[in-house]
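Asks: With the sequence up front, the predicted model follows.
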Amino acid sequence: MRLLVFRFSAMGDVALLSPVISSLARKYSSLSITLVTRKAFEPFFYNVPGVEVIGVDVDQEYRGLRGLYRLFRELSKLGPYTRGIDVHASARSRILKLFFYFLTGLSFETIVKGRREKKAMIRSQNKILQPLPHVVDRYMRVFERAGLEAPIGRAPWINPDTQARALARAFLVGESVEKKAGPWIGIAPFARHLQKTWPLASVRELMRLILNNSDYKVFLFGGGKSELEALRLLQKEFPQAHLVAGKLNLEGEMALVMRMDLMVVMDSFNMHMATLLGIPVLSIWGATHHYSGFGPYGQGAEAIVEVPLEKLPCRPCSVFGNKPCSRGDLACLNWIQPAYVYRRLEERLAEKRLKTQSA
């Protein structure tokens, strides 16, 4: 059986396909999957047997209707395919599906995103807040409708290759931290939207609490020009911290995250990357809510830090964190105290030590 799978963005959503793809590949040795996504996301699927990743530039090279038709022609030459799987349900994927259906007869199964339930979760009055299926489970349901199902095993679901691990080792050598004595803590303090980002003043106080313990090492993760500048200022204030941002590519960062004992993250790509690599997280939530299906996959309530809904019933006010705060004070983030996050961090590290000792 040969599948054609579409998922172009966003980075975290594409990464969350990895548990499904790897589980199916493990169960069905004769299954062949052609996954069409952005080229930058190829490392999420390294070393998965039977998976061919086609990295494309849909913003430039295959832009517009003509570009998508050309992509259809090129993908058709790689076929024939038994079934199509659309786990994006975007305008681009819908156009490609039409080309394939009318010109080759290929039928597709398409993801159901649960938009109605998510809207009910974020409305200001009469919220209906209940756990929705995780994105990973929604992905698997699409494949199940195509006649394929597989139990999703334990993390890690992403496996950085030898070159990526070498990049991480070279970074550590350059930082003179080759030997590991105490816990290594990664901090990724940014998210795409302000409504999902804990204030830097709180991050700064958390770092002070962590680095008061000389056994701990802190690694700062992030990306983008403004984030990099902010992280450089943090490192200048805390020179014993190690700045990762801007020094490693995606593959190298993944291999370095695998060496962390814990990642402190927002509702962001870094949260997904850490959980998919099997690393415990402590994720800080503001305007959004993990019930929407975007929480740290495979980890429970111990991985969540948030203001309780009984104290702040306006939460959640957004699925993706892209709406302005109706209160105007971002209480959902400002009320989360660094001392509380530090206490939760210590608890997570203690849990990890117990698991390691009992293994």
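Replies: Okay, I see it.

Asks: Please save the CA atoms from the longest helix seen in the chain in PDB.
Replies: Longest helix of the chain, by residue count under DSSP state H: helix 338-358. Extracted in PDB, the C-alpha atoms of helix 338-358 (Å, rounded to 0.1, in the frame of the first residue of the first chain):
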ATOM      1  CA  PRO A 338       8.500  32.200  39.400                       C
ATOM      2  CA  ALA A 339       8.700  30.700  42.800                       C
ATOM      3  CA  TYR A 340       5.800  28.400  42.000                       C
ATOM      4  CA  VAL A 341       7.300  27.400  38.700                       C
ATOM      5  CA  TYR A 342      10.600  26.700  40.400                       C
ATOM      6  CA  ARG A 343       8.800  24.400  42.900                       C
ATOM      7  CA  ARG A 344       7.100  22.600  40.100                       C
ATOM      8  CA  LEU A 345      10.500  22.300  38.300                       C
ATOM      9  CA  GLU A 346      12.000  20.600  41.400                       C
ATOM     10  CA  GLU A 347       9.100  18.200  41.600                       C
ATOM     11  CA  ARG A 348       9.500  17.200  37.900                       C
ATOM     12  CA  LEU A 349      13.200  16.600  38.400                       C
ATOM     13  CA  ALA A 350      12.500  14.500  41.500                       C
ATOM     14  CA  GLU A 351      10.000  12.400  39.500                       C
ATOM     15  CA  LYS A 352      12.600  11.900  36.800                       C
ATOM     16  CA  ARG A 353      15.200  10.700  39.400                       C
ATOM     17  CA  LEU A 354      12.700   8.200  40.800                       C
ATOM     18  CA  LYS A 355      11.900   6.800  37.400                       C
ATOM     19  CA  THR A 356      15.600   6.500  36.600                       C
ATOM     20  CA  GLN A 357      16.300   4.700  39.900                       C
ATOM     21  CA  SER A 358      13.400   2.300  39.400                       C
END
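
Asks: after the helix or strand in which residue 141 is found, next one along is what?
Replies: Using DSSP states H and E, the element containing residue 141 is helix 135-145. Toward the C-terminus, helix 135-145 is succeeded by helix 162-174 as the next helix or strand (DSSP H and E).

Asks: average pLDDT for stretch 121-133?
Replies: Per-residue pLDDT values over stretch 121-133 give a mean of 95.

Asks: What's the end-to-end length of it?
Replies: Start and end residues of stretch 121-133 are separated by 13 Å (Cα to Cα, to the nearest Å).

Asks: Any figure for the gap between the residue nearest the centre of the chain and residue 254?
Replies: Closest to where the C-alpha atoms of the chain average out (Cα atoms, centre = their mean) is residue 272, at 2.6 Å. Plainly put, residue 272 is 11 Å away from residue 254 if you go by Cβ to Cβ, to the nearest Å. Yep, even glycine has a C-beta here, placed from its N, CA and C like the rest.
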